[in-house]
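[1] sequence isn't available, so here's the structure alone:
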């Protein structure tokens, strides 16, 4: 092996150590402890308890529903915003990109506090909508409220991920399609969407993972009273009454399994989209 390859491997060592210590080792710890039970020792008792409990099944359902709908709404708005940015002045485009980059990191307690001020029971927007007769009541701390909250921090991330994807759409393709008599819908149906499909699927999976793992914002908003997987895992690790790290590990394995399933479906759809595009 040449000296350059040895040097490259040597430079890779710090990353490999960091990756193992903070990624592989915790995952192995979680996997091992997920099959340990405080009552029955080794086995699948934790998973049996989870899948036979309406409480834990509700947490899984809430996590999936909130993640799916917030990711769907977020990516639709992000697609429209990213496409619009290609058509505006460069100064406005740069400002919006910088703003999206900043707001994509606006989460946790500050975001929860901002939404309480705006859309809480006595929030300014809530009061204005009630006075205008548009709504009778709105509960920010419900599943619908959390979907709106999650959608907010999904949009900037979606814009940052999708904006570069529109560079793949060349303007001369649209002009050629127009000269051949294709309508705008036909262009997007046969050219635009097939080209953007890999980026759309990849972005949707990232948004889904972002929502499934969100903890600080929903905890700060509901003080841990809404039943989603991250809240349940945290309660099992840090709770004074319901302390059960092994059960938390089992819930974490289910969360990882859900993300693995989503990723496999994404890969299948990606291969299918490439096949259709060809």
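    All right, it came through fine. These figures come from a predicted structure and were not determined experimentally. Numbers count the residues shown, from 1 in each chain.

[2] quick one: residue 57 from residue 74, how far?
    Distance, residue 57 to residue 74, using Cβ to Cβ, to the nearest Å: 26 Å. (C-beta placed from N, C-alpha, C; glycine too.)

[3] so between these two, which is more surrounded?
    residue 74 (27 against 13; other Cβ atoms under 10 Å).

[4] what sits against the more buried one?
    Residues in contact with residue 74 (Cβ atoms under 8 Å, 6 or more residues apart in numbering) are 150-151, 154-155, 157-158, 207.

[5] and the pLDDT at the residue nearest to residue 259 when sequence neighbours are not counted?
    What sits nearest to residue 259 in space, not counting adjacent residues and going by Cβ to Cβ, 6 or more residues apart in numbering, is residue 209, at 5.7 Å. pLDDT, residue 209: 86.

[6] what helix or strand is residue 209 located in?
    Secondary structure from DSSP states H and E places residue 209 in helix 193-212.

[7] what sits against the residue nearest to residue 224 when sequence neighbours are not counted?
    The shortest distance from residue 224 to any non-neighbouring residue, by Cβ to Cβ, 6+ apart, is to residue 231 (5.3 Å). Counting by Cβ under 8 Å, 6+ apart, residue 231 touches 59, 215, 218-219, 222, 224.

[8] now those in TSV, with distance to residue 179?
    Converted to TSV, the contacts of residue 231 look like this (distance: Cβ to Cβ, whole Å):
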residue	distance to residue 179
59	55
215	53
218	51
219	56
222	56
224	60
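
[9] which residues touch stretch 121-129?
    Here stretch 121-129 makes contact (Cβ under 8 Å, 6+ apart) with 115-120, 135, 138-140.

[10] go again with 6 Å.
    Residues outside stretch 121-129 that contact it (Cβ atoms under 6 Å, 6 or more residues apart in numbering): 117-119, 135, 138.

[11] mind listing what's buried along it?
    Neighbour-count burial for stretch 121-129 flags 123, 126 (criterion: 16 or more other Cβ atoms under 10 Å).

[12] give the rounded mean pLDDT of it.
    Averaged across stretch 121-129, pLDDT comes to 86.

[13] helix or strand for the residue nearest to residue 224, which one?
    Residue 231 is part of helix 229-238, with elements assigned from DSSP H and E.
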